[in-house]
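Engineer: Predicted model and sequence follow; I will ask about them next.
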Amino acid sequence: MDWMLDPASEEPLFRQIARHFEECIFTGTYPPGSPLPTERLLAAQLQVNRSTITEAYAELRASGLIHSRQGSGTRVSEHLWGVAQRQPNWFAYTNGGTFIPTQPLVKRIREATARPGIIAFNGGEMNPELFPHHELQETMHTLPLTRLLGYLPPEGDPALRLSLCDYMREEHGIVATPDQILITSGAQQALHLITQCLLSPGDAIALEGPSYMYSLGVFPSAGLRLFRLPVDADGLEPEQVIQLYRKHKIKLVITNPTYQNPTGTVLSLKRRKRLLAVCEEIRIPVIEDEAYGALRLDDAPPPLPTLVSLNKGNGLVVHIGSFSKTVAPGLRIGWVVAPPSVISRMADAKKEIDHGTSTLSQQLLTAFLQKADWRGHVQQLKTALTRRRDLMRQALSDHVGDKATWNHPKGGYSIWCQLKKTIADQDLIEKAIAHGVLFMPGTIYGAEPGFIRLSYACPAESEIVEGIRRLGRML
């Protein structure tokens with residue numbers, strides 16, 4: 001066979017093989033009814049495992065291009081045009097569309113998370129043992145079902161938006177009115193609405209590097225160009241915003257200023273003020289993602305003011321918040337604070353997308369926020385996260401030792417580690433899976449090779465020490 005696989009491609013090998021045979025069938029190299037090589041022969045010719053060929057042939061069978069019969073092998077469908085008219089070519093469809101597929105390494109990690117016995121430090125959500133099960137169950141019993149079965153305004157439940165005004169003022173010093181708030185299905189929908197309503201394909205935006213937002217498909221799928229803002233111990237460097245604006249005409253800056261994911265850094269007060277001054281000067285907005293802002297651990301200094309509160313209502317900052325990190329991710333409740341004209345534009349798009357965030361989730365959360373003890377849950381959560389962080393750091397000292405260095409986060413969900421020896425991500429993850437432990441490589445977030453993110457919120461507390469012990473053995 002003259003055709004060769006491309007091992008360096010991000011496209012999986014089985015899909016490269018399926019795509020090649022699909023092209024051969026449509027161009028007539030393999031006419032209807034002609035036999036295909038046996039799986040064993042093709043595996044030998046291409047020097048791959050036979051299971052790879054099995055997957056490729058399964059993809060072609062699913063598209064209706066080939067069929068297999070016992071005793072006669074695998075052949076191109078005799079009535080190819082008829083098949084094409086009756087059944088869509090899903091292989092072509094799933095490799096099309098505008099949304100960028102999940103990176104193969106991320107898919108590999110997600111699939112491995114479901115394996116029995118794996119200790120997962122890779123997740124971006126808290127373990128279910130940290131959810132306020134009892135409190136939410138009690139609250140649920142107080143809600144009359146008759147109010148929960150219809151649509152709410154696309155901007156969100158008026159009662160929830162009013163409660164959020166009180167919450168943000170008391171907890172974060174943010175002064176907002178209900179018409180400045182949009183309820184979203186989590187913080188990620190807020191980012192999606194921003195890309196769809198405020199930006200156009202080809203626009204350039206600035207992100208922290210590394211940043212979890214770098215790993216999201218929502219930005220490249222919208223045709224946006226991403227440019228990196230370097231991060232050090234004090235957060236992003238505001239002067240770099242000016243350079244990126246002059247060079248690439250960036251349209252906005254997106255930052256995760258408090259307990260940044262994945263590095264855990266906090267943007268200093270001096271840099272917060274300078275960032276606002278720079279963006280005001282060049283007249284571009286700042287998107288502030290404060291998903292972790294409420295998760296200040298027990299030994300952390302007092303919180304810094306949010307960017308939106310420092311801006312004092314001047315309309316420069318779009319603020320994003322979420323209850324996924326403090327209450328429960330399954331509620332899918334986030335919110336946006338922005339000028340009313342921006343909220344109106346995004347609410348119009350949201351109505352077209354989903355008719356509004358779940359009525360049940362909104363009213364459950366509204367009732368929960370009105371309970372006197374809900375802040376007690378958040379304090380218990382922060383204490384539990386502090387205990388877990390300390391447990392992980394001690395385990396790293398005991399079992400990883402001089403193989404890595406790591407930070408001491410003051411909030412959030414994770415520890416950011418730098419390995420002393422750089423190992424290719426694919427090899428690192430396959431070895432980790434073999435040792436029964438998982439984490440996220442830093443390159444997923446746009447970091448240089450050699451960094452990993454370890455979540456202490458994701459596994460059960462009883463698994464943390466054993467998981468780090470496995471990590472140490474693997475390294």
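Structural biologist: Noted; the coordinates are in hand.
Engineer: What ranges does the stretch 251-400 of the chain have for its strands?
Structural biologist: 252-255, 286-289, 317-322, 334-337 (DSSP state E, counting those that start in this stretch).
Engineer: Before we move on, what's the pLDDT of the residue nearest to residue 328 when sequence neighbours are not counted?
Structural biologist: Of all residues not flanking residue 328 in the chain, residue 131 sits nearest, at 5.0 Å (C-beta to C-beta, 6 or more residues apart in numbering). No exception for glycine: its C-beta is placed from N, CA and C like everyone else's. The model reports residue 131 with a pLDDT of 94.
Engineer: what's the answer for the one 5 residues further on, then?
Structural biologist: With respect to pLDDT, residue 136 scores 92.
Engineer: Please name every helix or strand in contact with the helix or strand containing it.
Structural biologist: Taking DSSP states H and E as the criterion, residue 136 maps to helix 133-141. Helices and strands touching helix 133-141, by 3 or more C-beta pairs under 8 Å, 6 or more residues apart in numbering; DSSP states H and E, are helix 359-369.
Engineer: Tell me the buried residues in the helix it packs on?
Structural biologist: 359, 361, 362, 363, 364, 365, 366, 367, 368, 369 (16 or more other C-beta atoms under 10 Å).
Engineer: Can you give me the neighbour number for the closest residue to the third one other than its chain neighbours?
Structural biologist: What it means is residue 362. Leaving aside its sequence neighbours, residue 362 sits nearest to residue 157 (C-beta to C-beta, 6+ apart; 4.2 Å). Burial measure for residue 157: 22 neighbouring residues, criterion other C-beta atoms under 10 Å.
Engineer: With the one 4 residues further on instead?
Structural biologist: The burial count assigned to residue 161 is 22, neighbours taken as other C-beta under 10 Å.
Engineer: any idea how far residue 184 is from it?
Structural biologist: 12 Å (C-beta to C-beta, to the nearest Å).
Engineer: Let's have the buried residues of helix 359-369 in a markdown table, adding distance to residue 5 and pLDDT.
Structural biologist: Listed next are these as a markdown table, based on distance: C-beta to C-beta, whole Å; pLDDT from 0 to 100:
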| residue | distance to residue 5 | pLDDT |
| --- | --- | --- |
| 359 | 50 | 92 |
| 361 | 46 | 93 |
| 362 | 50 | 94 |
| 363 | 54 | 92 |
| 364 | 51 | 93 |
| 365 | 50 | 94 |
| 366 | 55 | 93 |
| 367 | 57 | 92 |
| 368 | 53 | 92 |
| 369 | 55 | 91 |
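Engineer: Let me have those in CSV, extended by distance to residue 380.
Structural biologist: What follows is the buried residues of helix 359-369, written out as CSV (distance: C-beta to C-beta, whole Å):
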residue, distance to residue 380
359, 28
361, 22
362, 24
363, 24
364, 19
365, 18
366, 21
367, 19
368, 14
369, 16
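Engineer: now, which of these sits nearest residue 105?
Structural biologist: Nearest to residue 105, judged by C-beta to C-beta, of these is residue 361 at 32.0 Å.
Engineer: For that closest one, which residues are in contact?
Structural biologist: 331, 332, 333 (C-beta atoms under 8 Å, 6 or more residues apart in numbering).
Engineer: that older thread, pick the one among the buried residues of helix 359-369 closest to residue 17.
Structural biologist: Nearest to residue 17 among the buried residues of helix 359-369, with distances taken as C-beta to C-beta, is residue 361, at 43.6 Å.
Engineer: On the three-state scheme, the residue in the chain sticking out farthest from the centre is what?
Structural biologist: Distance from the C-alpha centroid of the chain, by C-alpha atoms, centre = their mean, peaks at residue 71 (47.4 Å). When classified by DSSP: H, G, I helix; E, B strand; the rest coil, residue 71 comes out as coil.
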